[in-house]
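Student: quick one, fold the following:
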Amino acid sequence: MPRTQQAGFTLIELIVVIVILGILAATALPRFIDVGTEARTASVNAVRGSLNAATSLVHSRWLIAPSSPVAMEGLNVAVDSAGFPTITGTQIESMAGISATDYKTIVAGTAGPNNPTPPAGSVAFVPVSVASSTKGATCYALYTAAVLTTTPVTPPVVTTVTTGC
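Tutor: Residues are numbered from 1 along each chain as shown. Sure, this is the predicted structure:
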């Protein structure tokens, strides 16, 4: 009986190629899907929203009954003469529900290596996962207190930097 010439791959060759492609895909996939960056960016934006909401609530309560401190859910929030929250101790984190286990708080003048340097009257919130790393200086939310020397008073501003998250 005459032998026919083989045309194509053997089953073993096909399996080896599939395994090699699987290994290459498994090593390359994390570089294309960086879920950590998206999660940190979303978290920093959530902190911005939380700070804006808490500031608005404190100021609204102060407008109804002007007194300092303003009582908010068991927390006495110190306010300035325009009724906006001041930056003192851990009050700002408590007011906005920011956890110290999730965020490192950096007040003006206390920046460490690879962390943002908040200007006077500001406080930065850096995710603990990137604090003191090279990403820490470019992944944070910044709360800047109200400016009372302008007319009308400039309310607090919350900005985010997420270029390095």
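Student: okay, CA-based contacts and neighbour counts for the rest of this
Tutor: Noted.
Student: list the buried residues for the lengthiest helix in the chain?
Tutor: Among the segments of the chain that qualify as a helix by DSSP state H, the longest is helix 35-64. Burial within helix 35-64, assessed by neighbour count using 16 or more other Cα atoms under 10 Å, is assigned to 40-41, 43-45, 47-52, 54-56, 58-59, 61-62.
Student: same question, stretch 121-129
Tutor: By neighbour count, and taking 16+ other Cα under 10 Å as the criterion, the buried residues in stretch 121-129 are Gly121, Ser122, Val123, Ala124, Phe125, Val126, Pro127, Ser129.
Student: note down every partner strand of the helix or strand where the fifth one lies and its orientation.
Tutor: Phe125 belongs to strand 122-127 when assigned by DSSP states H and E. In the sheet containing strand 122-127, its partner strands are strand 103-107 (antiparallel), strand 140-144 (antiparallel), by DSSP bridges.
Student: now these in CSV, with distance to Ser68?
Tutor: CSV is the format used below for those (distance: least, Cα to Cα, whole Å):
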stretch, distance to Ser68
strand 103-107, 22
strand 140-144, 20
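Student: okay if I get these as JSON lines plus mean pLDDT?
Tutor: Output for those, formatted as JSON lines (pLDDT from 0 to 100):
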{"stretch": "strand 103-107", "mean pLDDT": "90"}
{"stretch": "strand 140-144", "mean pLDDT": "93"}
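Student: which of those sits most buried?
Tutor: A comparison of those by mean neighbour count, using mean count of other Cα atoms under 10 Å, puts strand 140-144 on top with a mean of 27.
Student: any residues touching that one, and which ones?
Tutor: In this structure, residues lying in contact with strand 140-144 by Cα atoms under 8 Å, 6 or more residues apart in numbering are 44-45, 47-48, 51, 116, 118, 121-127, 156-162.
Student: run the chain-centre distance for that strand.
Tutor: The chain centre lies 9 Å from the centre of strand 140-144; the measure is Cα atoms, centre = their mean, to the nearest Å.
Student: also stretch 8-18?
Tutor: Centroid separation for stretch 8-18 versus its chain: 48 Å, with Cα atoms, centre = their mean.
Student: ok, now stretch 3-17?
Tutor: The chain centre lies 54 Å from the centre of stretch 3-17; the measure is Cα atoms, centre = their mean.
Student: likewise for stretch 49-60?
Tutor: If you compare the mean C-alpha spot of stretch 49-60 with that of the full chain, they lie 17 Å apart, counting by Cα atoms, centre = their mean.
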